[in-house]
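In: Everything below, folded, please.
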Amino acid sequence: MAKIGLFYGTQTGKTETVAELIRVEFGGDIVALYDMSQVEAADFNSYDRIIIAAPTWNVGELSADWDGFFPELDEIDFSGKTVAYCGTGDQIGYADNYLDAIGILEEKISERGGKTIGEWSIAGYDFSESKAVKNGKFVGLGIDEDNQPELTDQRVKQWVAQIRITFGV
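Out: Next up is the predicted model:
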């Protein structure tokens with residue numbers, strides 16, 4: 001069985017592509033991918049190590065699949081679970097709410113007992129506000145396939161190397 005559950009939502013396919021890059025960087029069999037449009041709350045119970053991947057949609061909103069599942073997060077006990085976040089978005093077109101979705105999800109999951117890991121520097125990004133920024137860093141990896149696609153592979157490699165240590169895999 002995979003050691004890490006990666007739960008992703010997607011609207012345009014970009015977050016799914018990044019989720020697959022993360023899975024490959026971990027070495028494949030270590031990470032199981034879960035499409036949020038097909039997830040049940042019980043799917044989270046199999047993992048103590050979780051990655052949440054979410055696009056910020058429209059003006060600072062969750063994608064439809066994460067939005068539909070959001071109330072079910074209240075039924076999941078994340079105590080004892082270590083959770084890393086990866087967000088996708090457009091920092092130029094939506095500078096006032098870049099990566100808000102992972103900020104919204106991280107807040108909820110932390111309230112339910114999840115331990116957040118994998119913070120990421122805001123250096124190299126051009127945005128004005130984000131619910132994903134805590135203590136001067138993003139709560140997780142920020143990916144902008146619209147404006148910085150050339151940085152995606154390297155960012156994923158660096159972030160996976162960072163969280164691999166904390167996850168102990």
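
In: Going by C-alpha atoms from here, please, whenever you check contacts or count neighbours.
Out: OK.

In: tell me, which helix in this structure spans the most residues?
Out: helix 152-167 (DSSP state H).

In: Please work out the average pLDDT along that helix.
Out: Mean pLDDT, helix 152-167: 96.

In: Looking at the protein, which strand is longest?
Out: With secondary structure taken from DSSP state E, the chain has its longest strand at strand 49-57.

In: Which strands or helices does that strand pack on?
Out: In this structure, strand 49-57 makes packing contacts with strand 4-8, helix 14-26, strand 61-62, strand 82-88, helix 100-111, judged by 3 or more C-alpha pairs under 8 Å, 6 or more residues apart in numbering; DSSP states H and E.

In: if we can go back for a sec, neighbouring contacts of the longest helix of the chain?
Out: Helix 152-167 is contacted by residues 21-22, 25-26, 49, 82, 84, 117-118, 120, 141, 143-145 when judged by C-alpha atoms under 8 Å, 6 or more residues apart in numbering.

In: Each with direction, which strands does the longest strand of the chain pair with?
Out: strand 4-8 (parallel), strand 61-62 (antiparallel), strand 82-88 (parallel) (DSSP bridges).

In: got the angle for the last one vs helix 152-167?
Out: Taking axes from the mean of the first three to the mean of the last three C-alpha atoms, to 10 degrees, strand 82-88 and helix 152-167 form an angle of 170 degrees between their directions.

In: ok, residues contacting strand 82-88?
Out: With C-alpha under 8 Å, 6+ apart as the criterion, strand 82-88 contacts 14-15, 48-56, 99, 101-102, 106, 114-118, 139-145, 163, 167.

In: any idea of the mean pLDDT for that strand?
Out: Mean per-residue pLDDT for strand 82-88: 98.

In: Please apply the same query to the second one.
Out: In this model, strand 61-62 has an average pLDDT of 94.

In: buried ones in the longest helix of the chain?
Out: 156, 159-160, 163, 167 (16 or more other C-alpha atoms under 10 Å).

In: Over to stretch 142-153?
Out: 142-145.

In: now, the most widely separated pair of these?
Out: Greatest spacing in the buried residues of stretch 142-153, by C-alpha to C-alpha: 142 and 145 (9.8 Å).

In: joint contacts of those two?
Out: 88-89.

In: which residues of the chain score low on pLDDT?
Out: Filtered on pLDDT under 70, the chain yields the residue ranges 1-2.

In: Please repeat the previous calculation with a cut-off of 80.
Out: Counting by pLDDT under 80, the chain shows low-confidence ranges at 1-2, 28.
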